[in-house]
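Student: Give me coordinates for this.
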Amino acid sequence: MSSRPPKDCADLSQVRVEIDRLDGALIDLIAERLGYVERAWQIKLDLGQEANVPWRNQQVIDKVRARAEANGVPPELAEALWRQMIGWFIQYEEEKLRAELEEKGSAPRG
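Tutor: Numbering: from 1, shown residues only. Sure thing, here's the model as predicted:
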């Protein structure tokens, strides 16, 4: 489906079609990101690492804020969205790691 620039939308129905299109694309990208998160916890398991890596979280936030600002998006909005997403993914990784470690009968190294 081709896109229509915001300025070319003549009415709300056209705006809503484009928002729905973008929402679909965002879900596709989040699904792709989840695939990498899935692989990350598996690698962390093999390395004995924790799910939460604070320096990496901050690195991601800094990059997202910069990209948002460069694209005219309020950096605070991008940061809030990514902090929520990162928090969810960390919890997801922790649950996966815990389940695998319980199954194997060991604990992660710090």
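
Student: element containing Asp46, please.
Tutor: helix 12-47 (DSSP states H and E).

Student: what is the mean pLDDT for that helix?
Tutor: Here helix 12-47 scores 98 as its mean pLDDT.

Student: for it, which positions count as buried?
Tutor: Of all the residues in helix 12-47, those buried under the rule 16 or more other CB atoms under 10 Å are 18, 37, 40-41, 44-45. C-beta coordinates here come from the backbone N, C-alpha and C atoms, glycine included.

Student: tell me the two of the residues you listed that are most distant?
Tutor: Distance extremes for these: the farthest pair is Glu18 and Leu45 at 41.0 Å, using CB to CB.

Student: Check whether Val73 sits in a helix, strand or coil.
Tutor: coil (DSSP: H, G, I helix; E, B strand; the rest coil).

Student: My read is that Leu77 contacts Ala68, right?
Tutor: Yes - counting by CB atoms under 8 Å, Ala68 is a contact partner of Leu77 at 7.0 Å.

Student: Which pLDDT value goes with the residue minimising distance to the centre of the chain?
Tutor: Of all residues in the chain, the one closest to the mean position by CA atoms, centre = their mean is Met85, 4.9 Å from it. Met85 carries a pLDDT score of 98 in this model.

Student: for it, what are its contacts?
Tutor: Ile30 (CB atoms under 8 Å, 6 or more residues apart in numbering).

Student: Measure how the helix or strand encompassing it sits relative to helix 12-47, angle-wise.
Tutor: Element membership for Met85, per DSSP H and E: helix 75-104. Inter-element angle recorded for helix 75-104 and helix 12-47: 40 degrees (by axes from the mean of the first three to the mean of the last three CA atoms, to 10 degrees).

Student: and the nearest residue to Val37 once chain neighbours are set aside, what does it touch?
Tutor: Once flanking residues are discounted, Val37 sits nearest to Phe89: 4.9 Å by CB to CB, 6 or more residues apart in numbering. Contact analysis of Phe89 by CB under 8 Å, 6+ apart lists 33-34, 37.
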